[in-house]
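> no sequence on hand, only this structure:
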């Protein structure tokens, strides 16, 4: 019954409905937060009731977005998911996700769990939300522009990644003209690190391992290290980018110990290594160049498991 | 005799002349390299003779630009400087700089040393070169687009800094359509670090000092550290961004020991601290948020000198 739709149809569905519950994915990033609130504020500007929910607490650094949220008391009727590829990523809202009318997403791995899915894999989810809002005739206020800019900027690594198109830059230009605080947002997202985070980076580098002729770099973040530096699980996301940055590395791996002692694997790759294929073999997934999975074992076993798959992928390439 | 001119007049000067010698600044960065070669290739496409010189070796990472340079044997007649605020920054080409007909720059501190100066401080130097090339009627080839994109992207910290305008993003969009390898360039400039560089970052963080209620962060790079990590002076530029990234830091200082034992100070600040004012007091200069100077003394004296000025600036703010 799942149907892929275009921008026009997505706008039509939103225009026809009201009392929206907008679902963002657990362990929220800038794209799901920006997409969710951008859509919410856009719908509210049309006089519709709307609210955003997330299974996890949205980090404080998005405070400039959250401060504009209004607590509206209403009975949600229409469920919309943004930047959500799979209901498994909704955490405690998984069962609500089963009722989704619409999903606006950009993951090629989208499971088409919603009745209607707007899927454009060549853009940030927030870019897709923006185009739907324009189709809906929403006036882009500075508050909405901040949300969309946050999604686009974080999803593209501040316009660094291969997923940036001319359209991405042109939308960014429009958003700045609509009043987005681009410089402030980028500074907060990309150029500001807690002291503890910087210390955690240093500790992670102390244990940096190079494998397979330096084509694979691996770091481990233990609960102890994070505790020592005063950095919580939700604050370490960016560290996963470090191993792949090393010249010649095709697969960068970060193993992060979780509260239950299991290990979250974050994998960042370069052409031709397919991170989502490797993580898929371990029950995870994501994008081709950035994926993750969960390993329920000790650290040495976790290392061995992931390195074996990476080794095979490097050999095949 | 120095005269400030607009894009149209700059294009006219280039159209009327031939046999160009293009000067870039010493310790070249992406903006001067991209501006220099972008202009050079643009002039060559009009059938004019042109070559770029730099007092220092241009780092290998710009190889994708340098490989397009053609060795042309001719007697230079018309000197043009790009991204050069002062002839003092030309190194061994200082005396040639005195003969500059035109300077295309973006530093508010430009000394107007050339006969004619095109100065737009709201853009990367390469953005200004691009607009002159368009005015000249140059067809933007993929090779030229790569040069200009390199300048804009590096000067804006990959579209992160406050100096990014809607025009910056729209030009980036155009350049990608003209064939710029944006993803590859960004990956090389921002997402690739030598293993030794990463180790040097770690060593620098080992000695991180926080001053003035954590509003000032300071790191030192000694010759020994750089030697141990196999990183040369021209490769450490990016490390200067680290201290300011720490949350709450208004002044980030990097002291780098030079071959003669003196210290190069790189200062990165946040509002309201004016780096160029502080470095100006020590005989240096640059931008408001990024400046430098040279201190001919030991490391402890260098620290004391710069910290005293930073302390005063923080107190006044």
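Yep, it's here. Note that the structure is a prediction, hence the values are computed from the model and not measured.
> drop to CA atoms for contacts and neighbour counts, all remaining ones
Will do.
> mean confidence for the lengthiest helix in chain A?
Identified as the longest helix of chain A according to DSSP state H is helix A:299-316. The pLDDT scores in helix A:299-316 average 97.
> now it: buried residues?
A:299, A:302, A:303, A:306, A:307, A:309, A:310, A:311, A:313, A:314 (16 or more other C-alpha atoms under 10 Å in any protein chain shown).
> list of residues touching it?
By C-alpha atoms under 8 Å, 6 or more residues apart in numbering or on different chains, the residues outside helix A:299-316 that reach it are A:212, A:216, A:251, A:255, A:263, A:273, A:278, A:295, A:296.
> is the one residue in the stretch 1-150 of chain A that gets nearest to chain B in a helix, a strand, or coil?
Nearest residue of the stretch 1-150 of chain A to chain B (C-alpha to the nearest C-alpha) works out as residue A:61 at 11.3 Å. Classification of residue A:61 using DSSP: H, G, I helix; E, B strand; the rest coil returns helix.
> contacts only, for it.
A:188, A:189.
> say whether chain B is contacted by stretch A:200-218.
Yes. Contact of stretch A:200-218 with chain B (C-alpha under 8 Å from any C-alpha of the partner chain) involves A:202, A:205, A:206.
> let me know the closest of the residues you listed to chain B.
Using C-alpha to the nearest C-alpha, those come closest to chain B at residue A:202, 5.6 Å.
> so the residue lying closest to the closest one once chain neighbours are set aside is in which element?
Excluding its sequence neighbours, the residue lying closest to residue A:202 (C-alpha to C-alpha, 6 or more residues apart in numbering or on different chains) is residue B:202, at 5.6 Å. Element membership for residue B:202, per DSSP states H and E: helix B:195-206.
> can you mark which positions in the next helix or strand after that helix are buried?
Remark: after helix B:195-206, the chain's next helix or strand is strand B:209-211, criterion DSSP H and E. For strand B:209-211, the neighbour count (16+ other C-alpha under 10 Å) marks residue B:210 as buried.
> tell me the strands beside strand B:209-211, with direction?
Strands that pair with strand B:209-211, judged by DSSP bridges, come out as strand B:216-221 (antiparallel).
> show me the contact partners of the next helix or strand after the strand it pairs with.
Downstream of strand B:216-221, the next assigned helix or strand under DSSP H and E is helix B:223-229. Residues from elsewhere that reach helix B:223-229, judged by C-alpha under 8 Å, 6+ apart: B:196, B:197, B:199, B:200, B:203, B:232, B:233, B:256, B:257, B:258, B:259.
> roughly how far is the helix or strand that helix B:223-229 is followed by from the heart of the chain?
Per DSSP H and E, helix B:223-229 leads on to helix B:242-245 as the next helix or strand towards the C-terminus. Going by C-alpha atoms, centre = their mean, to the nearest Å, the spacing between the C-alpha centre of helix B:242-245 and its chain's C-alpha centre is 18 Å.
> again with stretch A:30-39
10 Å.
> could you give the average pLDDT over it?
pLDDT averaged over stretch A:30-39 gives 98.
> same question, stretch A:246-254
97.
> ends of that stretch, how far apart?
13 Å (C-alpha to C-alpha, to the nearest Å).
> roughly how far is that stretch from the heart of the chain?
20 Å.
> follow-up on the earlier one: mind putting the contacts of helix A:299-316 into CSV with distance to residue A:109, secondary structure and neighbour count?
Formatted as CSV, these follow (distance: C-alpha to C-alpha, whole Å; DSSP: H, G, I helix; E, B strand; the rest coil; neighbours: other C-alpha atoms under 10 Å in any protein chain shown):
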residue, distance to residue A:109, secondary structure, neighbour count
A:212, 29, coil, 14
A:216, 25, strand, 23
A:251, 20, strand, 32
A:255, 23, strand, 25
A:263, 22, strand, 24
A:273, 17, coil, 19
A:278, 14, helix, 22
A:295, 20, strand, 21
A:296, 23, coil, 13
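> check what pLDDT residue A:4 gets.
At residue A:4, the pLDDT value in this model is 97.
> could you check how far it is from residue B:244?
Distance from residue A:4 to residue B:244, by C-alpha to C-alpha: 46 Å.
> repeat for residue A:94
Residue A:94 is 41 Å from residue B:244, by C-alpha to C-alpha.
> quick one: low-confidence residue ranges for chain A.
A:1 (pLDDT under 70).
> how about the residues of it by chain B?
Counting by C-alpha under 8 Å from any C-alpha, the residues of chain A that sit close to chain B are A:158-170, A:172-174, A:176-177, A:182-184, A:186-187, A:190-195, A:198-199, A:202, A:205-206, A:244-247.
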